[in-house]
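>>> heads up, no residue letters with this:
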């Protein structure tokens with residue numbers, strides 16, 4: 001089958017992966033459109049350029065080209081490029097494949113290159129497609145904005161918030177710790193008419209009672225002992241024209257609740273030490289992880305303030321009640337942390353299934369921390385993360401016991417032991433260990449699974465495999 005030059009060129013110029021070709025000296029012979037777009041450089045800028053020249057100019061500290069020249073074989077690696085002109089640093093997943101002259105010397109080197117986060121997303125999406133789930137990230141342009149709306153509950157909630165956001169109504173968000181109340185508040189702010197104004201956050205449980213009033217209302221110079229000589233603007237005043245988010249408002253002291261109610265009714269705030277009120281205009285969003293109506297009944301929270309802040313009531317369910325969001329959230333955080341740590345990783349289907357069956361008492365916050373830990377603790381060479389850390393709460397002891405009970409460990413030595421000069425406890429234990437590893441590897445075909453069963457670090461398993469020359473079983 002023959003292809004015309006035009007046909008092949010059309011393919012190379014329209015493929016969404018960067019492609020370029022070098023000769024043995026590292027000179028550029030060809031670059032496609034996508035490669036030029038990745039680095040914001042024109043095709044002409046590569047004329048007369050080479051990898052050694054880019055290294056001299058500081059754009060590269062190391063390159064895959066060097067590795068290929070040294071090994072005379074295909075190389076895959078992560079490349080960092082410093083673009084001083086645009087003050088950017090790029091991280092690319094790069095594969096280089098050499099072709100050879102009849103005498104064995106390198107003739108050309110063909111490269112494919114794409115951003116790490118793009119490679120990572122390809123891999124993760126491919127695995128997640130087995131679960132027939134499409135992650136819906138509300139704002140995919142901002143990796144910090146992590147609202148996932150795949151479950152019916154979250155879709156309905158976001159639909160309501162998209163309408164409420166356009167008003168100035170006070171909103172009370174309730175739900176257990178870690179479900180994303182602050183994230184939802186950011187969504188409300190960014191979809192409101194106040195999105196160009198400030199977004200101010202105060203966690204009422206994180207500030208001592210004697211400091212909360214000055215933080216909220218600010219003070220004039222000399223208002224109290226230790227006050228700044230220039231005075232200080234309070235958070236309420238700082239939120240003028242924007243949104244004020246009071247997290248864990250259930251922790252606000254009763255005395256300050258009355259003062260906050262007065263601010264909401266008069267739209268004025270008075271700094272400590274001042275008698276002159278200032279006009280303010282802000283949107284209030286509050287959050288609680290406790291049952292505010294119950295606190296009202298117990299006289300631990302003012303009923304008049306509760307009715308004032310509870311114009312629109314929103315409840316974010318725990319993650320265990322919206323399992324449809326678990327895998328899309330995992331995809332989102334895998335992309336985020338792979339980009340942060342400049343790596344390419346994906347989750348094995350077994351790990352995803354374990355995540356789906358876990359209760360997640362810490363909700364989205366716990367899931368985020370779990371994903372970050374998986375990425376930073378897995379070996380650099382491990383592309384697919386296929387085991388949960390042994391000390392993780394996702395591990396269940398009864399599962400491990402069940403696995404061990406199914407292991408077929410054949411006898412190591414005959415009952416008729418020979419205690420000659422070569423016998424020792426150490427040699428006997430080595431034989432036992434070797435046989436156990438051999439049986440496990442033959443049964444499960446995975447060093448990762450063996451490490452999980454034996455409660456060993458993966459690196460330790462690999463060292464023992466090398467010690468007993470067990471690589472041939474894989």
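Done, it's in. Remember, it's a predicted structure, so these values are computed and weren't measured experimentally. Numbering: from 1, shown residues only.
>>> mind listing the strands for the stretch 51-200 of the chain?
75-83, 88-100, 106-115, 171-174, 199-203 (DSSP state E, counting those that start in this stretch).
>>> report pLDDT for residue 247.
pLDDT recorded at residue 247 is 96.
>>> I'd assumed residue 46 was in contact with residue 29.
No - using CB atoms under 8 Å as the test, residue 29 is too far from residue 46 to be in contact (9.2 Å). Placement of C-beta: from N, CA and C, glycine included.
>>> mind checking which of the two has more residues around it?
residue 46 (19 against 12; other CB atoms under 10 Å).
>>> thought the more buried one was touching residue 31?
Yes - in this structure, residue 46 is within contact of residue 31 by CB under 8 Å, at 5.1 Å.
>>> shared neighbours of the two, anything?
Common neighbours of residue 46 and residue 31, using CB atoms under 8 Å, 6 or more residues apart in numbering, are residue 20.
>>> list the buried residues of the longest helix along the chain.
The longest helix of the chain (DSSP state H) is helix 425-444. Residues 434-441, 443 are the ones in helix 425-444 that count as buried (16 or more other CB atoms under 10 Å).
>>> that older thread, deepest in the core, which of the strands of the stretch 51-200 of the chain is it.
Mean neighbour count (mean count of other CB atoms under 10 Å) peaks for strand 171-174 among the strands of the stretch 51-200 of the chain, with a mean of 23.
>>> can you give the strand pairings for it, parallel or anti for each?
strand 283-288 (parallel), strand 312-315 (parallel) (DSSP bridges).
>>> for the last one, buried residues please.
Think strand 312-315. Per 16+ other CB under 10 Å, strand 312-315 contains these buried residues: 312, 314.
>>> pLDDT (mean, whole number) over it?
Strand 312-315 shows a mean pLDDT of 95.
>>> now the first one
The average of the pLDDT scores along strand 283-288 is 96.
>>> which ones are touching the spatially most central residue of the chain?
Most central in the chain under CA atoms, centre = their mean is residue 333, positioned 2.8 Å from the mean C-alpha point. Going by CB under 8 Å, 6+ apart, residue 333 touches 146, 367-368, 371-372.
>>> report the buried residues of the helix or strand harbouring it.
Element membership for residue 333, per DSSP states H and E: helix 326-340. Buried residues in helix 326-340, counted by 16+ other CB under 10 Å: 326-339.
>>> reformat those as CSV; add distance to residue 303 and pLDDT.
Below are these laid out as CSV (distance: CB to CB, whole Å; pLDDT from 0 to 100):
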residue, distance to residue 303, pLDDT
326, 38, 89
327, 42, 84
328, 39, 85
329, 37, 89
330, 42, 87
331, 43, 83
332, 40, 85
333, 40, 89
334, 45, 86
335, 45, 82
336, 42, 86
337, 44, 88
338, 49, 85
339, 47, 81
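>>> any chance of JSON lines for those residues, columns distance to residue 4?
Below are those laid out as JSON lines (distance: CB to CB, whole Å):
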{"residue": "326", "distance to residue 4": "49"}
{"residue": "327", "distance to residue 4": "44"}
{"residue": "328", "distance to residue 4": "43"}
{"residue": "329", "distance to residue 4": "47"}
{"residue": "330", "distance to residue 4": "45"}
{"residue": "331", "distance to residue 4": "40"}
{"residue": "332", "distance to residue 4": "43"}
{"residue": "333", "distance to residue 4": "46"}
{"residue": "334", "distance to residue 4": "41"}
{"residue": "335", "distance to residue 4": "39"}
{"residue": "336", "distance to residue 4": "43"}
{"residue": "337", "distance to residue 4": "45"}
{"residue": "338", "distance to residue 4": "39"}
{"residue": "339", "distance to residue 4": "39"}
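>>> quick one: which of those residues is nearest residue 80?
Closest approach to residue 80 among those (CB to CB): residue 339, at 13.2 Å.
>>> can you count the residues close to the residue lying closest to residue 301 once chain neighbours are set aside?
Using CB to CB, 6 or more residues apart in numbering and skipping residues adjacent in sequence, the residue nearest residue 301 is residue 295, 4.0 Å away. When neighbours are defined as other CB under 10 Å, residue 295 has 16 of them.
>>> circling back to that earlier point, of the strands of the stretch 51-200 of the chain, which is nearest residue 255?
The closest of the strands of the stretch 51-200 of the chain to residue 255 is strand 199-203. By CB to CB, the value is 16.2 Å.
>>> and the closest one, which strands flank it?
Applying DSSP bridges, strand 199-203 is found paired with strand 243-247 (parallel).
>>> ok now the strand it pairs with, how far from the chain's centre?
Counting by CA atoms, centre = their mean, to the nearest Å, strand 243-247 is centred 25 Å from the centre of its parent chain.
>>> which helices and strands sit right next to the helix or strand harbouring the residue nearest to residue 301?
Using DSSP H and E, residue 295 sits within helix 292-297. When contacts are defined as 3 or more CB pairs under 8 Å, 6 or more residues apart in numbering; DSSP states H and E, helix 292-297 packs onto helix 303-309.
>>> what residues sit buried inside the helix it packs on?
Going by neighbour count (16+ other CB under 10 Å), the buried part of helix 303-309 is 305-306, 308-309.
>>> starting at the chain centroid, how far to it?
On CA atoms, centre = their mean, the centre of helix 303-309 falls 37 Å from the chain's centre.
>>> one more: stretch 331-350?
7 Å.
>>> stretch 79-97 too?
Remark: stretch 79-97 is offset 21 Å from the chain centroid, using CA atoms, centre = their mean.
>>> now do the end-to-end distance for it.
15 Å (CA to CA, to the nearest Å).
>>> show the average pLDDT along that stretch.
Across stretch 79-97, the average pLDDT comes to 78.
>>> nearest residue to residue 26 other than its sequence neighbours?
Distance criterion CB to CB, 6+ apart; nearest residue to residue 26, sequence neighbours excluded, is residue 51 at 3.6 Å.
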